[in-house]
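>>> just the structure for this:
(2 chains)
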Number of protein chains: 2
Amino acid sequence: MDLLDEPVPGVGTYEDFNTIDWVREKSKDRDRHREIATKSKESTLALMKSISDAFSGWLLMLLVGLMAGALAGGIDISAHWMTDLKEGVCLNGFWFNHEHCCWNSNETTFQERDKCPNWKSWAELIVGTNDGPFAYIMNYLMYVCWALLFSFLAVSLVRAFAPYACGSGIPEIKTILSGFIIRGYLGKWTLMIKTITLVLAVSSGLSLGKEGPLVHVACCCGNILCHLFTKYRRNEAKRRETLWRSFFAALVAAFTLRSINPFGNSRLVLFYVEFHSPWHLLELIPFILLGIFGGIWGAFFIRANIAWCRRRKTTRLGHYPVLEVLVVTAVTALLAFPNSYTRMSTSELISELFNDCGLLDSSQLCNYANVSVTKISSDALPDRPAGPDVYTAMWQLSLALVFKMLITVVTFGMKVPSGLFIPSMAVGAIAGRLLGVGMEQLAYYHHDWVIFRGWCSPGADCITPGLYAMVGAAACLGGVTRMTVSLVVIMFELTGGLEYIVPLMAATMTSKWVADALGREGIYEAHIRLNGYPFLESKEEFSHKTLAMDVMRPRRSDPPLSVITQDGMSVEEVESLIAETSYSGFPVVVSHESQRLVGFVQRRDLVISIENARKRQEGVVSASRIFFTEYTPPQPPNSPPPLKLRGIMDLSPFTVTDHTAMDIVVDIFRKLGLRQCLVTHNGRLLGIITKKDILKHMAQMANRDPDSILFN
Amino acid sequence: MDLLDEPVPGVGTYEDFNTIDWVREKSKDRDRHREIATKSKESTLALMKSISDAFSGWLLMLLVGLMAGALAGGIDISAHWMTDLKEGVCLNGFWFNHEHCCWNSNETTFQERDKCPNWKSWAELIVGTNDGPFAYIMNYLMYVCWALLFSFLAVSLVRAFAPYACGSGIPEIKTILSGFIIRGYLGKWTLMIKTITLVLAVSSGLSLGKEGPLVHVACCCGNILCHLFTKYRRNEAKRRETLWRSFFAALVAAFTLRSINPFGNSRLVLFYVEFHSPWHLLELIPFILLGIFGGIWGAFFIRANIAWCRRRKTTRLGHYPVLEVLVVTAVTALLAFPNSYTRMSTSELISELFNDCGLLDSSQLCNYANVSVTKISSDALPDRPAGPDVYTAMWQLSLALVFKMLITVVTFGMKVPSGLFIPSMAVGAIAGRLLGVGMEQLAYYHHDWVIFRGWCSPGADCITPGLYAMVGAAACLGGVTRMTVSLVVIMFELTGGLEYIVPLMAATMTSKWVADALGREGIYEAHIRLNGYPFLESKEEFSHKTLAMDVMRPRRSDPPLSVITQDGMSVEEVESLIAETSYSGFPVVVSHESQRLVGFVQRRDLVISIENARKRQEGVVSASRIFFTEYTPPQPPNSPPPLKLRGIMDLSPFTVTDHTAMDIVVDIFRKLGLRQCLVTHNGRLLGIITKKDILKHMAQMANRDPDSILFN
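All right, here's what the predicted structure looks like:
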């Protein structure tokens, strides 16, 4: 083989917004690995290098875990502080949040926080009292002002410094992981701005979560730290492997952080579930109902959100992103403040909804009439009739449900960092809690009904409304993201409620089935398609009976395929071929007559090599002949020196025959991560299929617009 | 396309001991699915059929779960009864086992079982007393006789009715799942005989477990029930999917059974861990030591066992399987009886080793000197000095460890059903318990040492020997099977000890690293290789810089590739080609001169089609010409009618160029599940690579015997 002795810089890299070739990248990495392994037997220094190379993966993961964990911790603390800043300030020091401010006083429960003397609401600070309508309006005003300030800062920073920092980032990361190049999407500017604006966006009280953007932040860390190691810097496939692992490293880091517990929250999981009461088989009916609700809400949310985002892309609305954010923030803040369940942060709300009412719990939601109980134990409190506060709370929660459902549709997709996990879970948790309290009261007042008889006798703890909230949250999250098993695992990680695997599975499976029946895609796939990224989903079954010849280009009516012959063309001819076409690569054939395939050469590599040869190699001019053959035939005297380019040619391009069924071709593209594939008939080159062609064909078969696929 | 109107029966099936073509099978299933989907729009009956087709997968899984669960339960109960039968019999009814016999008396703990009046040992039954050397010898003799009887029955049944029923079956199932055909391996005879002989083998007291064979039993159920549904009966790939799921269905069934608890064992997991004491960071050192022990034992076991099995295959030893089993059983029974830890069943032993000593525990292992404890609570008993019985137990356990280590090597691989999980775990649990008790006493007597200071003060419960046993069991199992994450999950499922994830992970990772350093393969891979099955492992990285042209056949010195031309050959010529060669398929080319590839035809399909045509099609004789072209050219008058075979030809054979790196070829074979791949150079057909060629090449590269790969 005639490899280039010194590789030309740039050969083998990719253009922006292009798909990588997984086979080539993996093969490159194996070559590198082999070289290191061979050298390591020669000297001690090379052996050391080989060992350090083997361990660089572990070191990288450690660094990513530390960095992402630290950032996540910082974001958490800052967002907590700034969220509280909207309501008041701590006299001990303005840098304390509400909880830390009241550290010393013993009333740290949510209900008694207001009695903490060091924490002053804005009204108390300015007019000296917290009572009366004037103080209320003052607090209201300050709340809205802070929210507007935070969101204005967030959207301005994103627009000015890092447009890629907006959104959740998960659709783009899915596409990047599948092998697409978006330069700067995981860069240091995106990381910096996303970290800052995420805090601002969360604190502004908008209906958004920070989990999705945190994944983006972790992947940025992974990508940036990759540059420290040659192994990862030079190989796009290797780097993507690392990003996958970054995501997990960040998760592990977050959980480790929580279990080490430096901030004294004293719980291992995000929403700790302290009840362990058993559930009854009949309760599967309401759980499945929650699943149906989750599925319908998921499908509705995706349609409405995509319609709104498409409107933003196509109408004048998209020209005023700052104004849009400010208006949505103002509406959110104005509507959220009067209702205590929307005023508190969404994770606090979920936490309270997941909570089961203990005997000493004095929150509105736990205001039950006390009945005489025969046996008091903290973990099995009997069902009791609801007090008036519970009914008030039900009303407020119903309003909060409608509000969250509508406002999240317009919030997700604005030009600020925004995640979907927490808002989706909140919607489900509210619905679940409402249903749970309803069931509880039904069972209390009608314990003689057939369905309740036997397990809901008076004094028994038969319905746990907190469990309904948990199941509802899982169902809504499942409807939006279409995850099932991984979602249940996430719920376990978030709540630690291992004994509720069956209710959670039942609800998430139902939710997925219902949502799939109403619309095939999850929210991330829908956003990927909206943006036209070349993402070949692995679960979507290709079930049409088309053949490779129906999909390949050129079509029957088109001019023939642009090819390069292996020993006949001059530099000028090749340059004009490059100028006339926009294909990202050209097949190399033996001759135009035989159309026997020799190899495939990338446009970018060809351009760089010819440019380089014209600059450096003596005598290479427009009339020089280009050879892709192994041996260059002797040139006639006085002819310009030939240009040998076998080194940049891929000698093992993938081929399929024209009769190959498209379902097999799609399978090959998916499993091997191809960028293009050549089509032959009886050994003659006929055409080419690229990933974009496949996606266009699939869009066409599904009666969608094939021109929505934008990139290669 | 010219498909056969009526498919010839047999075309598209496989020979025994051959590899299936995943791409072809999946494509067939998609065709079938498409057909049903199209038809379902036409009539209500077809729609019903389509719905029942969609749900047949769920129904099948339900049936498999029920059947496998019932069999597992039956095996469990029978083995329990027959194990106890070796020691004595119940007077209430001979069908009660020891535990059920003593149901009514309250002394159901292990230590007080002997006081149960209805259970009579053989000596009590025959000579009326259980005391004295004569009674002991009588019991000893009966124990050995029963063991010999059980093992003789087991090996005779296996030899007479179902030779495939021996061993654990996991290596073969791994190979079958990867796409290999072994007819009868999952048949009804194997199922029946394996179920019966498994009970016999376990009861005979041989050092073997029943978990591996249970997987085989579950897969047999899956395979047999597949025949009820056309969808699965006709498609090898679909059936393999089902087998995968059977395995999981069986697991789920087993756990459900346990949680419904029909036999009143009142525990959810196999070896319930009732301790929840925390572990100290410094304890990671002994845990890692256990990991190292597990790794060394695993590597030693695999080497010794494979050497012994190879000896059995190649020497006269293999001619006397019944004698071998009888001798091993006799040795096992004679050595096991005197030591109470080897006399009890292995799962009982593990259960006792995992157990932490409570205050009231009176077993030998828990005979600690009672020190005055300041605070008595059942879950946090302080460390105490060991009593004399504990030291006796330590000696007995050490002897049991050596005995189990040696006897398992010769037992695994004999002609009886035998699993490895339980014996491996027992070895690790004994080693772990020994280390745990050692650590405990060290900490008790030297609590002022630097390493113990701070966490092992007198009266503290700092070392839990049961936890050491659990970690040791995981480490040994990891060393033998080379699983890590899945193993830890299994340990959780077996014990329910969720809080010990870090100790378990540390020990299994260490064990895997140590074992991998001493020998690359796990026990199942080693047995696959010993038997020469064509199994392409997915984790083994192919790292040699060879090209497709180095591996393909024909080699440079061989005669050229046997091909069929698409329109030139007579039936006679093709028949002689089939007779002269033993290849399992032939490429079809345009002409011998051009060597342009048209398609690929399977030997079996060709043979069946020609036979069928000679029998049925009028006038097809030896001189008839065979056409693979789309249109048959007009034949001269008086010539025999042509035979059109385009329908049996695969029009989309996979091809790679001769310059394709072998690592890419291996990747393609693995990911797409190919059976063969054709090699071209500049559009001319050069050769062929089969899965066997790849495995032979890999064996050669790893300096192993390439002729050890036996099948295609």
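>>> buried ones in the helix or strand containing A:Glu352?
Using DSSP states H and E, A:Glu352 maps to helix A:346-354. Buried residues in helix A:346-354, counted by 16 or more other CB atoms under 10 Å in any protein chain shown: A:346-347, A:349-354. All C-beta atoms are positioned from the backbone trio N, CA, C, and that covers glycine.
>>> what's the first helix or strand after it?
Later in the chain than helix A:346-354, the nearest helix or strand by DSSP H and E is helix A:388-411.
>>> does anything pack onto that following helix? Which helices or strands?
The contact analysis (3 or more CB pairs under 8 Å, 6 or more residues apart in numbering or on different chains; DSSP states H and E) places helix A:388-411 against helix A:284-314, helix A:321-336, helix A:340-343, helix A:421-445.
>>> out of these, which is the most enclosed?
helix A:421-445 (a mean of 25; mean count of other CB atoms under 10 Å in any protein chain shown).
>>> now find how far off-centre that one is within its chain.
Its chain's C-alpha centre and that of helix A:421-445 lie 27 Å apart, by CA atoms, centre = their mean, to the nearest Å.
>>> cool, and stretch A:77-92?
29 Å.
>>> near chain B, which residues of the stretch 601-712 of chain A?
Proximity of the stretch 601-712 of chain A to chain B, by CB under 8 Å from any CB of the partner chain, involves residues A:651-657, A:659-661, A:663-664, A:667-668, A:671-672, A:680, A:682-685.
>>> for the helices and strands packed on helix A:388-411, give me TSV that also has mean pLDDT.
Shown next, in TSV, are those (pLDDT from 0 to 100):
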stretch	mean pLDDT
helix A:284-314	93
helix A:321-336	94
helix A:340-343	90
helix A:421-445	91
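>>> now the helix holding A:Glu352: mean pLDDT?
Average pLDDT, helix A:346-354: 87.
>>> against which helices or strands is it packed?
Partner elements for helix A:346-354 (3+ CB pairs under 8 Å, 6+ apart): helix A:421-445, helix A:465-481.
>>> who are the packing partners of the shortest one?
So the one you mean is helix A:465-481. Against helix A:465-481 (3+ CB pairs under 8 Å, 6+ apart) you get helix A:284-314, helix A:346-354, helix A:421-445, helix A:485-495, helix A:501-518, helix A:523-531.
>>> and for the longest one?
Using 3+ CB pairs under 8 Å, 6+ apart as the contact criterion, the neighbours of helix A:421-445 among helices and strands are helix A:211-226, helix A:284-314, helix A:346-354, helix A:388-411, helix A:465-481.
>>> for A:Arg704, which of those helices is the nearest?
helix A:284-314 (12.5 Å; CB to CB).
>>> what about the closest one, distance to the chain center?
18 Å.
>>> got the angle for it vs helix A:421-445?
Angle, helix A:284-314 to helix A:421-445, by axes from the mean of the first three to the mean of the last three CA atoms, to 10 degrees: 150 degrees.
>>> in terms of helices and strands, where is A:Gly687?
Here A:Gly687 is assigned to strand A:684-690, by DSSP H and E.
>>> which element follows that strand toward the C-terminus?
helix A:691-701.
>>> could you look up the SS state of A:Phe600?
Under DSSP: H, G, I helix; E, B strand; the rest coil, A:Phe600 falls in the strand class.
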